[in-house]
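# here are the coordinates; sequence isn't available:
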């Protein structure tokens, strides 16, 4: 969201830059002894965790489809639950060694100490957020989507320009809001809501003409939340670099390189693609708005 995506649900995924101390130019090579600790740093026993012996993962509540199923992150069902357990597996943890904490969306990437090892909640990687927390490498590339009610004034819009005069609902603190302001650029200020469910209710009650959420969330809105609604189309929220969701970690954590390694391993083995197809496959085919 993206997120808060969603519905809430919502948040993908370039890593935050980590500042490094200057290096003496005479130390151009590393001895085998010096490199040995790095080779074991990502073994389960070496990880510095919030709770000893447990991998603690944060996400918001309610936890919505298609990111989670049955409002239960611990069941392994839904895209982000499946990704979280896959990353845990790469780090050496089985299902019984994973603990879930409830973490409000915007507090996940606020400055300060964290009560999780990583948070997964459709949090898009942005430069501003990366000043306060560390992000993993992206696990999902995000598109935004516009949802309207069938038969309404904007239901058949084919371009972003046609949405210029629409009253748009969107959740506060999300990249969806940024996309509305910077890409759609409506003539009137959007209606901004604290919770995603309030945005959905605004569309139901015809307080807004359309809402903007990330694409998988849009499919859930149209399938389960707003009767007779449709996805007008999808669009990129940025002009260049793709928007990505990343796992959120406390700034400066020693866990980041290991989480990055786990995400990259899942990507290289094709596991992320399989999980995405299983839980988000319906996102294919939404028309592009330009």
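Thanks, I have it. Quick caveat: nothing in here was measured; it's all calculated off a predicted structure. Numbers count the residues shown, from 1 in each chain.
# mind showing which ranges of the protein have poor pLDDT?
Low-confidence segments of the chain (pLDDT under 70): 1-40, 238-241, 282-285.
# Report the central residue of it.
residue 122 (2.0 Å; Cα atoms, centre = their mean).
# Surely that one is within a helix?
No. Counting by DSSP: H, G, I helix; E, B strand; the rest coil, residue 122 is not found in a helix; it is coil.
# just checking, it touches residue 80?
Yes. With contacts counted by Cβ atoms under 8 Å, residue 122 reaches residue 80, the gap being 7.2 Å. (C-beta placed from N, C-alpha, C; glycine too.)
# Between the two, which contacts overlap?
Shared contacts of residue 122 and residue 80 (Cβ atoms under 8 Å, 6 or more residues apart in numbering): residue 67.
# So what's the residue count around residue 244?
Residues lying near residue 244 (other Cβ atoms under 10 Å) number 24.
# and if you look at residue 223?
Using other Cβ under 10 Å, residue 223 has 12 neighbouring residues.
# In three-state terms, how would it be classified?
helix.
# how far away is it from residue 66?
9 Å (Cβ to Cβ, to the nearest Å).
# Show me the strands in the stretch 51-200 of the chain, by range?
Counting by DSSP state E, counting those that start in this stretch, the stretch 51-200 of the chain has strands at residues 55-59, 98-102, 118-119, 133-135, 140-142, 144-149, 168-171, 191-193.
# Residue 260 contacts residue 137, correct?
Yes. In this structure residue 260 lies within contact range of residue 137 using Cβ under 8 Å: 5.0 Å.
# any idea how this structure splits into domains?
Residue ranges for the domains of the chain, per automatic domain parsing: 41-141+241-282, 142-235.
# Reformat those domains as CSV; add distance to residue 289.
Shown next, in CSV, are the domains of the chain (distance: least, Cβ to Cβ, whole Å):
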stretch, distance to residue 289
domain 41-141+241-282, 15
domain 142-235, 4
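# These: which one's closest to residue 290?
In terms of Cβ to Cβ, the element of the domains of the chain nearest to residue 290 is domain 142-235, at 6.1 Å.
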